[in-house]
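Enquirer: Everything below, folded, please.
(2 chains)
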Amino acid sequence: MSFPVMVFFLIGTIAVASSILVIAMRNPVHSALFLLLTFLCVAVLFILKEAEFVGAVQLLVYAGGIMVLFLFVVMLINVRHLPDEKIVSPMWLGGIGVGLAVFILFATEVRPGTYAANVGRDDYLRRVTTHKLLRHKNPDGSVRKYRVRSGTQSGNSEAVGNALYGDYLVPFEVASLFLLVAMIGAILIGKRELSAADEDVNPQYMIDRVETEKEVKEAMSA
Amino acid sequence: MPEVAPSTEAYLMLSATLFAVGLIGVIVRRNMITVLMAIELMMNAVNINLIAFSHRLSSLEGQVFTIFIITVAAGEAAVGLAIIIQLYRLKSSVNVDDARELNG
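Expert: Predicted structure coming up:
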């Protein structure tokens, strides 16, 4: 058994175990921490499959961003389940049945030997395709321009970046628009609503703010 | 001897396991925050599938799509958590069964 396969089985076991613990833990903080462990394991699995850039993005966005968001909300809401409180819904047996059924459905589709090793030609995961504009001067003085495609082997990040800003430029921009909309929506939904009565009078934080810097200095010297 | 990477089937089985665990979590748990975490687990399972096939087909498209899915997951988590906070202000509870106004 080669080293990557051993790493896969070790990390995969940890990922499955911690994902089960995510949905089994009573305290949401513990769930969030096990979810973090699952994300870290998945990042290692990405790197094993030569997707180093996606693995780094997984670490930064999931383990860095989304986990902080989850922990922030869990601590903000601060719900504690009492020991005798039921954390599962009444139809938990049916839920587990549906999950097992979906797993069996997927597992029967994936028999060993269904997929041959690698059918791709070159190592396209690291290939950067560039277009170069060349000029050719004809004997009669006119200039002919033509584009030349050339592929060079480089790092995975460079190849992904080239694909993102080349072939996938429009989806990339749509994704940025999506993030803007999600940000505005999250702010708007999460905002504490001011009632009409509160808006008429001056809000409390405006009334409190009477000291200017000068007044503070005068008060200190007096 | 060249180092042999783990097979595509192994990745698919792992991904199916994670997806099933996430699905069970979504159906079974009553805490909304845990349900959202289970949804993130399912998205991760899909990402594992995409990366495995990207490697098998030696094509970058799977990795690019994974990046887009991560983007969508980030936005979804932000909006979902904002909804949960607002619902907690309204009901003082994050129990899924307590939000049933639209139940008729």
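Enquirer: Identify the residue of chain B closest to chain A, quick one.
Expert: The minimum distance from chain B to chain A, using CB to the nearest CB, falls at residue B:58 (2.2 Å). For every residue, glycine as well, the C-beta is placed using N, CA and C.
Enquirer: Looks like that residue contacts residue A:159 (just checking).
Expert: No: assessed by CB atoms under 8 Å, residue B:58 is found out of contact with residue A:159, at 11.2 Å.
Enquirer: on contacts alone, who are the packing partners of the strand or helix carrying residue A:178?
Expert: Here residue A:178, judged by DSSP states H and E, is contained in helix A:169-190. Secondary-structure packing of helix A:169-190 (3 or more CB pairs under 8 Å, 6 or more residues apart in numbering or on different chains; DSSP states H and E): helix B:61-91.
Enquirer: Now do the helix it packs on and helix A:169-190, the angle between them.
Expert: Here helix B:61-91 points in a direction 10 degrees away from that of helix A:169-190 (axes from the mean of the first three to the mean of the last three CA atoms, to 10 degrees).
Enquirer: in helix B:61-91, what counts as buried?
Expert: B:62-71, B:73-85, B:87-88 (16 or more other CB atoms under 10 Å in any protein chain shown).
Enquirer: now swap in stretch A:87-106 and tell me
Expert: A:87, A:88, A:92, A:95, A:96, A:98, A:99, A:103, A:106.
Enquirer: Report the contact partners of the fourth one.
Expert: When you say that, I think you mean residue A:95. Residue A:95 sits next to A:89, B:24, B:27, B:28 when contact means CB atoms under 8 Å, 6 or more residues apart in numbering or on different chains.
Enquirer: What about those residues, which are in helices?
Expert: Among these, the ones falling in helices (DSSP state H) are B:24, B:27, B:28.
Enquirer: Wait, the last one touches residue A:89, no?
Expert: Yes: when contacts are counted by CB under 8 Å, residue B:28 is listed as touching residue A:89 (6.1 Å).
Enquirer: hmm, back to that, next, the residue of chain B closest to chain A: phi, psi?
Expert: Main-chain torsions, residue B:58, degrees, to the nearest 10: phi 50, psi 50.
Enquirer: Let me see the confidence value for it.
Expert: Residue B:58 is assigned a predicted lDDT (pLDDT) of 83.
Enquirer: and it, how many neighbours does it have?
Expert: Neighbours of residue B:58 under the rule other CB atoms under 10 Å in any protein chain shown: 18.
Enquirer: where are the low-confidence patches of chain A?
Expert: Within chain A, the stretches with pLDDT under 70 are A:79-84, A:113-114, A:116-124, A:131, A:193-220, A:222.
Enquirer: for the residue in chain A sticking out farthest from the centre, phi and psi?
Expert: No residue in chain A sits farther from the centre than residue A:140, which is 57.1 Å out by CA atoms, centre = their mean. Taking degrees, to the nearest 10, you get phi -80, psi 10 for the backbone angles of residue A:140.
Enquirer: where's it relative to chain B, distance?
Expert: Noted for residue A:140: a distance of 43 Å to chain B, by CB to the nearest CB, to the nearest Å.
Enquirer: List the contacts of that residue.
Expert: When the contact criterion is CB under 8 Å, 6+ apart, residue A:140 has no partners at all.
Enquirer: cool, the one 3 residues further on as well?
Expert: For residue A:143, the set of contacting residues under the criterion of CB under 8 Å, 6+ apart consists of A:135, A:136, A:137.
Enquirer: mind putting those residues in CSV, distance to residue A:112, secondary structure and neighbour count included?
Expert: Putting the contacts of residue A:143 into CSV (distance: CB to CB, whole Å; DSSP: H, G, I helix; E, B strand; the rest coil; neighbours: other CB atoms under 10 Å in any protein chain shown) gives the following:
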residue, distance to residue A:112, secondary structure, neighbour count
A:135, 55, strand, 8
A:136, 54, strand, 9
A:137, 60, strand, 9
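Enquirer: so where is chain B shaky, pLDDT-wise?
Expert: B:1-4, B:104.
Enquirer: tell me the secondary structure for residue A:192?
Expert: On the three-state scheme (DSSP: H, G, I helix; E, B strand; the rest coil), residue A:192 is labelled coil.
Enquirer: Pull the number of nearby residues for it.
Expert: Neighbour tally, residue A:192, other CB under 10 Å: 7.
Enquirer: so it makes contact with residue B:90?
Expert: No: the pair residue A:192 and residue B:90 fails to qualify as a contact (CB under 8 Å) at a distance of 11.6 Å.
Enquirer: ends of stretch A:160-169, how far apart?
Expert: Stretch A:160-169 has an end-to-end distance of 12 Å (criterion: CA to CA, to the nearest Å).
Enquirer: quick one: buried residues of it?
Expert: Within stretch A:160-169, the residues that qualify as buried by neighbour count (16+ other CB under 10 Å) are A:160, A:162, A:163, A:164, A:168.
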